[in-house]
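S.K.: Next comes the sequence, and after it the predicted model I'd like to discuss.
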Amino acid sequence: MADGDHTPRILVDDRQDLAVDVEGLIALASGCLVGEGAAASELSVSFVTEVEMADLHERYMDEEGSTDVLSFPLGEADEDGVRILGDVVIAPAVSARNNPADPAAEMRLLLVHGILHLLGHDHEEEEGRVRMWAIQERYTGVRVP
């Protein structure tokens with residue numbers, strides 16, 4: 001089955017108390033996956049508390065304290081040939097502090113940032129950072145300096 005014959009599966013788990021535009025973020029994630037040639041994929045997105053994020057950050061990244069977004073790649077395929085990308089975990093409370101003037105824009109940016117990591121993008125080197133930031137801006141409308 002061609003990739004264009006699929007709609008991405010996006011599973012959401014909201015385990016925190018701040019308001020999140022779940023439907024808008026699902027639409028953004030879907031558009032990003034289709035636009036990046038990953039329509040035949042499944043993505044899990046979790047919105048978590050700062051406490052849970054701090055635990056994940058320490059357990060998996062060996063870094064203390066909370067962070068705004070983490071990505072956990074899987075890259076496996078299910079029985080239908082759908083690529084299970086992995087998980088993007090976002091802490092909305094941290095996100096809101098990152099951009100208090102426009103927390104919704106920050107959530108969009110973090111979601112796409114996490115997805116791009118699952119798709120293999122990296123920003124450790126300047127060339128990769130420039131490319132990743134341009135892709136993020138294309139999908140979110142948010143410019144990162």
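M.R.: Sure thing, it's come through. Numbering: from 1, shown residues only.
S.K.: drop to CA atoms for contacts and neighbour counts, all remaining ones
M.R.: Noted.
S.K.: Could I get the full set of strands for this structure?
M.R.: Here the chain has its strands, by DSSP state E, at 9-14, 41-47, 69-77, 83-90.
S.K.: In a markdown table: those strands, plus mean neighbour count.
M.R.: Formatted as a markdown table, the strands of the chain follow (neighbours: other CA atoms under 10 Å):
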| stretch | mean neighbour count |
| --- | --- |
| strand 9-14 | 16 |
| strand 41-47 | 22 |
| strand 69-77 | 17 |
| strand 83-90 | 23 |
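S.K.: any chance of the ones you listed in a markdown table, plus mean pLDDT?
M.R.: Output for the strands of the chain, formatted as a markdown table (pLDDT from 0 to 100):
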| stretch | mean pLDDT |
| --- | --- |
| strand 9-14 | 97 |
| strand 41-47 | 97 |
| strand 69-77 | 91 |
| strand 83-90 | 96 |
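S.K.: Make a markdown table from those and add distance to residue 53 to it.
M.R.: Conversion of these to a markdown table gives the following (distance: least, CA to CA, whole Å):
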| stretch | distance to residue 53 |
| --- | --- |
| strand 9-14 | 13 |
| strand 41-47 | 9 |
| strand 69-77 | 8 |
| strand 83-90 | 8 |
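S.K.: got any ranges where the chain has weak pLDDT?
M.R.: 1-5 (pLDDT under 70).
S.K.: Among the strands of the chain, which comes closest to residue 126?
M.R.: Residue 126 lies closest to strand 69-77 among those, at 20.4 Å (CA to CA).
S.K.: Which strands border that closest one, and is each parallel or antiparallel?
M.R.: Strand 69-77 has its sheet partners listed here by DSSP bridges as strand 83-90 (antiparallel).
S.K.: Let me know which of the strands of the chain is the nearest to residue 142.
M.R.: strand 69-77 (16.2 Å).
S.K.: Now do the residue nearest to residue 129 when sequence neighbours are not counted against residue 107, distance only.
M.R.: Ranked by CA to CA, 6 or more residues apart in numbering and with sequence neighbours excluded, the top spatial neighbour of residue 129 is residue 123, at 3.9 Å. Distance of residue 123 to residue 107, given as CA to CA, to the nearest Å: 19 Å.
S.K.: Does residue 142 touch residue 105 like I think?
M.R.: Yes: using CA atoms under 8 Å, residue 142 is in contact with residue 105, at 6.6 Å.
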